[in-house]
Each structure stands twice: as C-alpha cells, then as structure tokens.
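>>> below are the sequence and a predicted model; questions follow.
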Amino acid sequence: MLNTVIIADDLTGANDTGAILAQNGFRVGTVLKLDQMKDFNQYDVLCVSTNSRGMSKEDAYRVVNEIAGHFPKDDTILYSKRIDSTLRGNVGAEIDSILDYLGEEYHAVVVASFPASGRTSIGDILLVNGVPLQKTEVAKDPTSPVDTSRVTEIIKKQTKHSVGYVGLEKVTKSSSYLLEELTKELETHRVVAVDAQSNRDIEAIAACCSACGIKVVAIDPGPFTAALANQIFKRKKTEKEKKILCGIGSASELTRQQLKYLKETGNPFVVKIDTSKFFEEELRKEEIKRVQEAIIRGAEDYRVLVIATTTEKEDVLDLSQVKGAENLSKKECAAIITGTMAEVLESLLHILKERIGGIYASGGDVAAAFCEKLGISGFYVKGEVIPLAIYSQTVGGYAEGLPMITKGGLVGKEDTLVQCLDYLDTVIEG
C-alpha cells in the first residue's frame, strides 16, 4: 500500500532517495510513465522526477503541481519534495507548489543536510565537506548558480511563504526541547529550515515532526525523508542493516550522562540489566535470558542496541546488601558483573551473527572480559575517536575483523558516546 510519495527535480535524485528507503525495508519504485502507474500498485514508496532543476520558476511550479495531482491527497501518505543537496534549482517555487497542492494544513520542513555526502547545515550555513556552499563550484553552476551559503536566504528568495529556522544548538539540546521549538516555528511559519550535522540529528528532527501533530512535507536531499518515513510507518529494518551493540558496564555519573545524552539526541534501544541478580545462578540465567530476548526484539526496529548496568544514580548497588554478594570481596563481585556482561554480549553476537556490524564497550573490564569470551588474540588498532576512546578491529577468535570501540567509564564529555557511535557509523558497511 502506498505510504510515501517522493517528487524529485531530477531522476538521479529520485532514485537516490528511493534507495535510502529501500535499504530501510520499503518496497520502492521509480515511475517513469505516470499513465502506467497501475504497474506499481504493490509498492510502498513511489518516486517521480520532474526534471525541473533548470526550468524557470513558473514552469517548475507548474510541473510539480501537475505531477502531485497524480497522487491522492491522503493524510496517510507522506509527501517528500526531494531537493538538490547543494540547493540548486527552484527550491522555493517547488515548495510553494507542493504546499498549494496539499492545502493550508500542511507545512514544509527543510533539512538540507546529507551527512553521508558531506553536506551539513550548521548555523543556517550549508557546508559541503566543510566548505561554505558559496565557495564551492556550485557558485559557478551554468544553469543554477548559488550565491549564498545561508539555507533560509536561498528559500526566502524563492518562496511566497514566511520561513522559520531551528538552529543546531536546539536540535542537539534534548528531544523535548527540540519538539517545543520546532512546534513553535511551525505554528508561525509555513516553511521551517532545520540544521543537522549528523544522521542522529536528522533522526531526532524526524521524531519530533512525527510527534508534533502538524502535517508536514519533507523537503530534503533524502535522509530526512527516510527518517520521517521510518518514524511514521514504523517499518522494520532489513536483515542486511548492521547493528551497533553496546555494552556499558561503568557505573560512573559521566557514563550515565553520556547515555542520557544519547537517548535525548538519538534513537537507541536501551535495556538496563539488573546486576543484583548476578549472584544467584538461577536468577542470573533468567536475567541473561530476559536481556537477550529484549535485545533480539529491539533489533527489529532499532540500529543502536544498548545494554547498561546503570541508567540512574539509584541503580548503583550497595553490594553488601545484595544476596549472594555479601560475603564476596569487591574484586570478586566486579569479576562476576563484568563476566556476566561479557557473556550476554558474546551470546548476542552469536545469536544476531552478521547483523552486528560493530561493538562499543565502555568500562575496561567489560571490554577485556568480552574479548576473552570471543577468544580474540588482540586488536588491529586503527585510531582514536578522542583520547582514550580507541577504534580497533578484532584479530583472531570469533568474528575476526569486527569493528570495536573501547572507552573507559571516566573518559570524555557528555556527547562522547554519541561521537563514538557516529564514528562507528562511518566504518560499518551496510
């Protein structure tokens, strides 16, 4: 059943955006002949090109409106206006066209970033591999030159609607704050541009758009449309997508802050493991099974899978009060906790097999115990994300060559966990 319509200004862009959604489990088709749409009745996502990038703004408006008219005005369908990743063409006129077709209840959210292609928006400035847009070759484009790097300025020159803006500092602060700020802008503007530096920023924006209760059209080069479709339709990821499995054994306050920041800015699946049950064998086995089953379920809908021993200060145990631990030394208790965490991680790696693309281990003892369980002989050290957060690949043992980041529990700042996972994103294939 059709749930997403993507109208792109060229065929390459239509296919590219469709491919991103296809990787997320949608059945995607690109329609070349609109009079033969009956051939695409079984598709979730349909992509169409207007070939309008080099047209006049009047012609671009007309052709977008005509093509949109081939699809129903249905609240259950997500509309996306795919724009060029360097904002060439008739961005504003095409936004106006799709909004006019859908009606006054709809608002446009513009997320110009495409991090995987080096496009990021920071401070309303679109950067291409770190270079402001107007200083790239796009400024000399023969058909659609761009003379400014400011996203809102490009849109304002072309649209008849007021344009709002949500900066990166609001995107990364917290999900509740972003939802509030984005809703405010949408209530006062038909078009709102939003900064994004990473895929997790885009996912956070999509989550807020889905939750805000306002009908939105996605205006972007592709990643935002894909993230919003995932949010709205709750599609399962394909079996090919690689997951990141995180074992966080540190009980430090800094580690909890880092996990909290990840939950506010990203979309992780977090399971707290009850370490108080590790000291009686039957309870320990039951807890391992519970966590395994939870993570396996989470792997159907989430990419980042986290097992943590503490998420709140109150989770830190007084081991002298835990049955089965009261007569053990601190060293013995620590060995049981890290050994059990390692056992859970190792078992999940075997169960999920090739679906796990990388491991993040916080707490040196947990990382060491996990490596012991895997039987690896060492690491191929590739570099550091930040000092004391090291990216390596495993050598020998099970799953040789597995990307892995190890970090101490007292290392880094609030956003360090997010940095590490972003880094893993760049090295994991699939």
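That came through fine.
>>> helix, strand, or coil at Cys209?
helix (DSSP: H, G, I helix; E, B strand; the rest coil).
>>> which residue, other than its chain neighbours, is closest to it?
Residue nearest to Cys209 in three dimensions, not counting chain neighbours: Val216, with 5.1 Å by C-beta to C-beta, 6 or more residues apart in numbering. C-beta here means a position set from N, CA and C on the backbone, and glycine is covered the same way.
>>> and that neighbour, how many neighbours does it have?
By the measure other C-beta atoms under 10 Å, the count of residues near Val216 is 20.
>>> for Glu253, see how far away it is.
38 Å (C-beta to C-beta, to the nearest Å).
>>> same question, Val291
Taking C-beta to C-beta, one finds Val291 at 23 Å from Glu253.
>>> have a look at the two and say which one is more surrounded.
Val291 (21 against 13).
>>> hang on, that one in a helix?
Yes - counting by three-state DSSP, Val291 falls inside a helix.
>>> and it, what pLDDT?
Looking at Val291, its pLDDT is 97.
>>> what sits against it?
By C-beta atoms under 8 Å, 6 or more residues apart in numbering, Val291 lies in contact with Val271, Ile273, Ile307, Val344.
>>> buried only: go through those for me.
Val271, Ile273, Ile307, Val344 (16 or more other C-beta atoms under 10 Å).
>>> buried ones in the helix or strand hosting the last one?
Going back to what we said before, that points to Val344. According to DSSP states H and E, Val344 maps onto helix 330-352. Across helix 330-352, burial judged by 16+ other C-beta under 10 Å covers 333, 336-342, 344-349, 352.
>>> now stretch 152-170: buried residues?
Thr152, Ile154, Ile155, Gln158, Thr159, His161, Val163, Gly164, Tyr165, Val166, Leu168, Lys170.
>>> and the most far-flung residue of the chain relative to its centre, how far from Thr338?
Taking C-alpha atoms, centre = their mean, the residue of the chain most remote from its mean C-alpha position is Asn327, at 45.4 Å. Between Asn327 and Thr338 the distance is 19 Å, computed by C-beta to C-beta.
>>> same check on Ile376?
From Ile376 over to Thr338 (counting by C-beta to C-beta), the distance is 16 Å.
>>> what does Ile98 give?
54 Å.
>>> what's the burial count for Val427?
14.
>>> sorry, slip of the keys, the one I care about is Glu281.
So Glu281, with other C-beta under 10 Å, has 10 neighbours.
>>> which of the residues in the longest strand seen in the chain are buried?
The residue-count maximum for a strand in the chain (DSSP state E) belongs to strand 378-386. Neighbour counts over strand 378-386 (16+ other C-beta under 10 Å) mark Phe379, Val385 as buried.
>>> now the element after it, going C-ward?
Heading C-terminal from strand 378-386 (DSSP H and E), you reach strand 389-395.
>>> listing partners with orientation, what would you give for that following strand?
strand 378-386 (antiparallel), strand 403-407 (antiparallel) (DSSP bridges).
>>> for the ones you listed, give me JSON lines that also has mean pLDDT and distance to Glu372.
Shown next, in JSON lines, are the strands paired with strand 389-395 (pLDDT from 0 to 100; distance: least, C-beta to C-beta, whole Å):
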{"stretch": "strand 378-386", "mean pLDDT": "93", "distance to Glu372": "12"}
{"stretch": "strand 403-407", "mean pLDDT": "94", "distance to Glu372": "13"}
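>>> of all these, which one is nearest Phe278?
strand 403-407 (22.0 Å; C-beta to C-beta).
>>> roughly how far is that closest one from the heart of the chain?
Offset of strand 403-407 from its chain centre (C-alpha atoms, centre = their mean, to the nearest Å): 20 Å.
>>> only the buried residues of whatever helix or strand comes next after it, if you could.
From strand 403-407 onward toward the C-terminus, using DSSP H and E, the following helix or strand is helix 416-427. For helix 416-427, burial by neighbour count (16+ other C-beta under 10 Å) applies to Thr416, Leu417, Val418, Gln419, Cys420, Leu421, Asp422, Tyr423, Leu424, Asp425.
>>> min pLDDT across these, which one?
Per-residue pLDDT puts Asp425 lowest of those, at 84.
>>> excluding its backbone neighbours, what's nearest that residue?
In space, Asp425 is closest to Asn199, 6.7 Å off (C-beta to C-beta, 6+ apart).
>>> tell me how many other residues crowd that neighbour.
22.
>>> hang on, it packs against Ala116?
Yes - Asn199 lies in contact with Ala116 (C-beta atoms under 8 Å); the separation is 7.4 Å.
>>> what mean pLDDT does the strand or helix carrying Ala218 have?
Ala218 is part of strand 215-220, with elements assigned from DSSP H and E. For strand 215-220, the mean pLDDT works out to 97.
>>> for the protein, which segments count as helices?
11-23, 57-68, 91-102, 151-156, 168-171, 175-188, 199-211, 223-233, 253-265, 281-298, 330-352, 364-374, 416-427 (DSSP state H).
>>> what is the last one packed up against?
Read that as helix 416-427. Judged by 3 or more C-beta pairs under 8 Å, 6 or more residues apart in numbering; DSSP states H and E, the packing partners of helix 416-427 are helix 199-211, strand 243-248, helix 253-265, strand 356-362, strand 378-386, strand 389-395, strand 403-407.
>>> the first one versus helix 175-188: what angle between them?
With axes from the mean of the first three to the mean of the last three C-alpha atoms, to 10 degrees as the criterion, the two stretches helix 199-211 and helix 175-188 enclose an angle of 60 degrees.
>>> show me what counts as buried in helix 199-211.
Asn199, Arg200, Asp201, Ile202, Glu203, Ala204, Ile205, Ala206, Ala207, Cys208, Cys209, Ser210.
>>> okay but the second one is in contact with Cys420, surely?
Read it as Arg200. No - the pair formed by Arg200 and Cys420 falls short of the contact definition of C-beta under 8 Å, at 11.8 Å.
>>> give me the low-pLDDT residue ranges for this protein?
234-240, 429-430 (pLDDT under 70).
>>> residue contacts, Pro223?
Ile20, Val111, Ser113, Phe114, Pro115, Ala116, Asn199, Ile202.
>>> returning to that earlier point: tabulate the buried residues of stretch 152-170 (a markdown table), appending distance to Gly363.
Shown next, in a markdown table, are those (distance: C-beta to C-beta, whole Å):
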| residue | distance to Gly363 |
| --- | --- |
| Thr152 | 44 |
| Ile154 | 47 |
| Ile155 | 46 |
| Gln158 | 52 |
| Thr159 | 51 |
| His161 | 51 |
| Val163 | 46 |
| Gly164 | 43 |
| Tyr165 | 41 |
| Val166 | 36 |
| Leu168 | 31 |
| Lys170 | 32 |
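>>> appreciated, that's everything.
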